[in-house]
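1. Quick one: sequence plus predicted model below, questions after.
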Amino acid sequence: MMKNLAMTLCLVSAALLCTQASAREIVLTTEMQNYGGDGAYLAIYLTNTEGQYQNTLWIAGQKSKYYKHLSGWARGSGLRNSEYDGLSGASVTSGKTLTVTFDLPDTYIDSGFQIRVDSAVEDMRDSRNDVVVPLTSEGAGKPVTGRSYVKAFTYSF
């Protein structure tokens, strides 16, 4: 009995170490334009090689009733609470910068996945795919200009 318990603990420990080794810390930095409106809601998420939604990375903006304006993300996530629970914070105001850090599995990097940012500002135009950038080692640290409210977006490992 004790031998089986010890073996089980060893196997679980090994599995946890493998899981930790296959992820790396990623930092997402989103600098906003000076657009002259209220705080922006942002959806930062991953899509696969076909552009299909895979995973939510971060939601900026705390009132879920406005998430429908982040249309690409909203369609892919189905606006399910489970898709953004624990992955949200305050909206980002004009001219400010949002920085988010978390662990991301290595399987997403250099394998065709993209990071997308949808943005929306009250009483202004919504911007689906404000940023679309391939998630590659080569692209890390290189700023990408957004199409609307995002001045620059950068990810780094």
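-> Structure's in. What do you need?

2. Find the centremost residue of this structure, please.
-> Leu57 (2.5 Å; C-alpha atoms, centre = their mean).

3. Wait, a strand at that one?
-> Yes - counting by DSSP: H, G, I helix; E, B strand; the rest coil, Leu57 is found in a strand.

4. Can I get stretch 143-157 as PDB, trimmed to CA atoms?
-> C-alpha atoms of stretch 143-157 as PDB (Å, rounded to 0.1, in the frame of the first residue of the first chain):
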ATOM      1  CA  PRO A 143       5.800  46.500 -31.300                       C
ATOM      2  CA  VAL A 144       2.800  46.200 -33.700                       C
ATOM      3  CA  THR A 145       0.700  49.200 -34.500                       C
ATOM      4  CA  GLY A 146      -3.100  48.800 -34.000                       C
ATOM      5  CA  ARG A 147      -5.700  49.700 -36.500                       C
ATOM      6  CA  SER A 148      -7.800  51.900 -34.200                       C
ATOM      7  CA  TYR A 149      -7.500  52.600 -30.400                       C
ATOM      8  CA  VAL A 150      -4.300  50.600 -29.900                       C
ATOM      9  CA  LYS A 151      -1.100  52.600 -30.500                       C
ATOM     10  CA  ALA A 152       1.300  49.800 -30.000                       C
ATOM     11  CA  PHE A 153       1.100  46.100 -28.800                       C
ATOM     12  CA  THR A 154       4.100  44.100 -27.800                       C
ATOM     13  CA  TYR A 155       4.500  40.600 -26.300                       C
ATOM     14  CA  SER A 156       7.700  39.200 -24.800                       C
ATOM     15  CA  PHE A 157       8.800  36.100 -23.100                       C
END
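
5. buried sites along that stretch?
-> Val144, Gly146, Ser148, Tyr149, Val150, Lys151, Phe153, Thr154, Tyr155 (16 or more other C-beta atoms under 10 Å). The C-beta positions use only the backbone N, C-alpha and C, and glycine is treated the same way.

6. Done for today, thanks.
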